[in-house]
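**Q** coordinates only, sequence not included:
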Ligand SMILES: [Mg+2]
């Protein structure tokens, strides 16, 4: 049995910084990574997906939800399930499910500072749509910091964690994974990045936040493909560029 990690034993920021010192490209997932998993954004998208399917199949909410979960687990995204088994276009689905109210999202100044201070390129790699990523990043006040968004359409609708999607991303943007870092809230989406040589950080909900998660989405943080775990991305990024002792964010592993 694996030893439980001591979450109260933070690494010194300079130790973290050393692990990232070769990184030239910084790759971020969007949903539940660049904004808190406790925000109401993802549940809203989730509800729109349920509504889309309820309308498409004439189902009640509960049946629609069950089918949605089935597609998500079997195909990685509901969209992929719908396109594989039914005549649904990506455009109509993505436009519908991302048509949400983002007014609860506020500019995140410390995250903006943390991202801006990273040396090199910054990119978003998301299983959502480009438009959703741009609109959401705008709300957070971090939109201008990113060079580009690689979305589910760019991925030819093949979501993370499919290896082809990461490889397509590396090629499209000329990113050498051995000189890149990945930040992501779903643990198994870090397996391929780690295998390709990226430094991987799992972004988790804060302990005090109640977040609904699928069992398989939850990681202990002790998986070998996870280099770091943080529940405070902004503070963690501050440590990444730190060249000396500074207030430590809550960080595990290393
Ligand atoms: Mg995510």
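**A** Noted; the coordinates are in hand. Predicted, not measured: the structure shown is a model, and the values here were computed from it.
**Q** for the ion, what are the nearby residues on this structure?
**A** 29, 31-33, 185 (C-beta under 5 Å from the ion). Backbone N, C-alpha and C define where each C-beta goes, glycine included.
**Q** any chance of JSON lines for those, columns secondary structure, pLDDT and distance to residue 166?
**A** Formatted as JSON lines, the residues of the chain next to the ion follow (DSSP: H, G, I helix; E, B strand; the rest coil; pLDDT from 0 to 100; distance: C-beta to C-beta, whole Å):
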{"residue": "29", "secondary structure": "coil", "pLDDT": "98", "distance to residue 166": "12"}
{"residue": "31", "secondary structure": "coil", "pLDDT": "94", "distance to residue 166": "17"}
{"residue": "32", "secondary structure": "coil", "pLDDT": "94", "distance to residue 166": "19"}
{"residue": "33", "secondary structure": "coil", "pLDDT": "97", "distance to residue 166": "16"}
{"residue": "185", "secondary structure": "coil", "pLDDT": "95", "distance to residue 166": "16"}
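**Q** among those residues, which one sits closest to residue 170?
**A** Comparing the residues of the chain next to the ion against residue 170 with C-beta to C-beta places residue 29 closest, at 15.4 Å.
**Q** with adjacent residues omitted, what lies nearest to that closest one?
**A** Among residues not flanking residue 29 along the chain, residue 184 sits closest, at 4.1 Å (C-beta to C-beta, 6 or more residues apart in numbering).
**Q** show me the contacts for residue 117.
**A** 237-238, 241 (C-beta atoms under 8 Å, 6 or more residues apart in numbering).
**Q** pLDDT score assigned to it?
**A** pLDDT for residue 117: 97.
**Q** now do the same for residue 65: its pLDDT.
**A** 94.
**Q** in terms of helices and strands, where is it?
**A** helix 61-75 (DSSP states H and E).
**Q** could you pull out the strands for this protein?
**A** 25-28, 121-125, 148-150, 180-184, 199-203, 228-230, 251-253 (DSSP state E).
**Q** how close does the residue of the chain most remote from its centre get to residue 230?
**A** Residue farthest from the centre of the chain, counting by C-alpha atoms, centre = their mean, is residue 58 at 31.7 Å. Residue 58 sits 44 Å away from residue 230 when distances are taken as C-beta to C-beta, to the nearest Å.
**Q** residue 57 too?
**A** With C-beta to C-beta as the criterion, residue 57 and residue 230 are 40 Å apart.
**Q** neighbour count winner among the two?
**A** residue 230 (24 against 13; other C-beta atoms under 10 Å).
**Q** settle this for me: residue 110 is touching residue 233, isn't it.
**A** No - contact between residue 110 and residue 233 fails when scored by C-beta atoms under 8 Å: they sit 9.2 Å apart.
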